[in-house]
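K.L.:
Here is the input, now give the coordinates:
(chains A and B)
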There are 2 protein chains.
Amino acid sequence: MAKSREPQRLRQSIDAVKELIITKGLKPGDPMPTEAQLAELLDVSRANLREAIRTLATLDIIEVRHGTGMFVGQMSLSPLVDGLTFKGVVLAGQDFETLRQVVEVRQALDGAIAPTVVERLAGSTEPELDRLCTEMAIHADRQEAFAAEDRAFHAQIASLVENELYRQLVAAFWDIHTMVAPRLGVATPRDLAETVQAHRDMLDCAIAGDLDGYQAAVGAHYAPLLRVLESTRSGSTT
Amino acid sequence: MAKSREPQRLRQSIDAVKELIITKGLKPGDPMPTEAQLAELLDVSRANLREAIRTLATLDIIEVRHGTGMFVGQMSLSPLVDGLTFKGVVLAGQDFETLRQVVEVRQALDGAIAPTVVERLAGSTEPELDRLCTEMAIHADRQEAFAAEDRAFHAQIASLVENELYRQLVAAFWDIHTMVAPRLGVATPRDLAETVQAHRDMLDCAIAGDLDGYQAAVGAHYAPLLRVLESTRSGSTT
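P.N.:
Below you'll find the model as predicted:
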């Protein structure tokens, strides 16, 4: 399905570069041959090759460091973030459907790792997560947002699972959420206080080994936002 | 973070095209101005614009239909599939870590929607899902794979959730899984039979309203594959 997006000759150049990465056994971060070497090795025109490189760079399969050269990319989820964030913004004029979907996916991801998180944190002390909750509370008291602490909290929770892709997905949907959400309008002081409390409850329940309580706190965490999203859904777009 | 991948002038052209889509209120599928019109409207060079369009096409933000023109893209998850599939293949030479992570994410997504699936299917008859399970069993008896039926089964389960993004994620990770998994070697007859039975159990439990049974069947569904992945992890790469 994705295959039809490029004209055939470009697609062939892209595939040739990918094939070369595989057959040479190159890994993320490894240096690539120069553009001139590639054109000769793969027997493709420079113009075609340059377009192929641009496409692969957009997909984070190749990284072009200007003045240094070309490297195999990290193949991160940044193309996903780029695309979905923009979609959220584009469609926000109509409704907040994309944001609602993103928030639901975040909730599902948080819920799915809950057993692991509670198992890992039960009986431990978590000074760093505790500090983040305290910082959030201080900001909320001043009616300030607390994006940095929020992101760090979720990143640290997700890092308890030994799955780099999962961590990246949690971070990616956090980013999309945070870039699209401001279009909804400013959160009320009540929303801020409720969100701080939900983080604190997640932490307390995990340390207490209380899985049901943790799951309830995850639900409460997204409740203020889903409430706003539901209200815009019933027609009252701002 | 993603912002640093392109040279600044290209990034500005990309942003200008995105801004135009937003300010004109264009939606996925809407026609875009021609390249000539865009170059004039945005006051950017044709060369720069063409690169910007290529990047946006790769991200599925713009769709170029050759001979027809340019349209706002569907902003699907196909860039994610392109990038992660390739990553799975590239890293498969070392180990199957990416595939293991993909399979775990699939399991988490399946698990997270379990309550909704069971709620929706309890007490119903599901002739289409039933037919898919029967087809899978026929293939397994002949020691054939059954990718089409498998994909249709998961797509139909995911469509019970009113969340298009969720559906796309399930499909995307199914695609990545299916493109990378063959590098693991052919599934054994025992694996095939076990996988068929897991789908059947998922369906039966959902219709019976048995959430715990459904969750167990989701676990059993991924067990054969995770077994293989664990064995490759302990050093015996093929």
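K.L.:
domains of chain A?
P.N.:
A:2-72, A:78-233 (automatic domain parsing).
K.L.:
Make a markdown table out of those domains and add distance to residue B:210, mean neighbour count and mean pLDDT.
P.N.:
Every residue, glycine included, has its C-beta placed from N, CA and C. Below are those laid out as a markdown table (distance: least, C-beta to C-beta, whole Å; neighbours: other C-beta atoms under 10 Å in any protein chain shown; pLDDT from 0 to 100):
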| stretch | distance to residue B:210 | mean neighbour count | mean pLDDT |
| --- | --- | --- | --- |
| domain A:2-72 | 38 | 16 | 87 |
| domain A:78-233 | 19 | 18 | 88 |
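K.L.:
now those domains in TSV, with distance to chain B?
P.N.:
Below are these laid out as TSV (distance: least, C-beta to the nearest C-beta, whole Å):
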stretch	distance to chain B
domain A:2-72	4
domain A:78-233	4
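K.L.:
could the ones you listed go into CSV alongside distance to residue B:146?
P.N.:
As requested, the domains of chain A are exported to CSV (distance: least, C-beta to C-beta, whole Å):
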stretch, distance to residue B:146
domain A:2-72, 23
domain A:78-233, 26
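K.L.:
do you know which of these lies nearest residue B:90?
P.N.:
Of all the domains of chain A, domain A:2-72 sits nearest to residue B:90, with 6.1 Å by C-beta to C-beta.
K.L.:
Over to residue A:76. Which of the three states is it?
P.N.:
coil (DSSP: H, G, I helix; E, B strand; the rest coil).
K.L.:
Count the residues that sit near it.
P.N.:
Residue A:76: 20 surrounding residues under other C-beta atoms under 10 Å in any protein chain shown.
K.L.:
residues contacting it?
P.N.:
Contact partners of residue A:76, counting by C-beta atoms under 8 Å, 6 or more residues apart in numbering or on different chains, are A:60, A:168, B:83.
K.L.:
Pull up the gap between it and residue B:207, please.
P.N.:
40 Å (C-beta to C-beta, to the nearest Å).
K.L.:
How is residue A:44 assigned, secondary-structure-wise?
P.N.:
Going by three-state DSSP: residue A:44 is coil.
K.L.:
Now it. Nearest residue, chain neighbours left out?
P.N.:
Closest residue in space to residue A:44, ignoring its immediate chain neighbours: residue A:13 at 4.8 Å, by C-beta to C-beta, 6 or more residues apart in numbering or on different chains.
K.L.:
With residue A:45 instead?
P.N.:
Nearest residue to residue A:45, sequence neighbours excluded (C-beta to C-beta, 6+ apart): residue A:39, at 7.1 Å.
K.L.:
tell me which element that neighbour falls in.
P.N.:
Counting by DSSP states H and E, the element that carries residue A:39 is helix A:35-42.
K.L.:
Mind checking what helix or strand follows that helix in sequence?
P.N.:
The helix or strand immediately downstream of helix A:35-42 is helix A:46-58, counting by DSSP H and E.
K.L.:
Check which helices and strands that following helix sits against.
P.N.:
Applying 3 or more C-beta pairs under 8 Å, 6 or more residues apart in numbering or on different chains; DSSP states H and E, one finds that helix A:46-58 makes contact with helix A:8-23, helix A:35-42, strand A:62-65, helix B:46-58.
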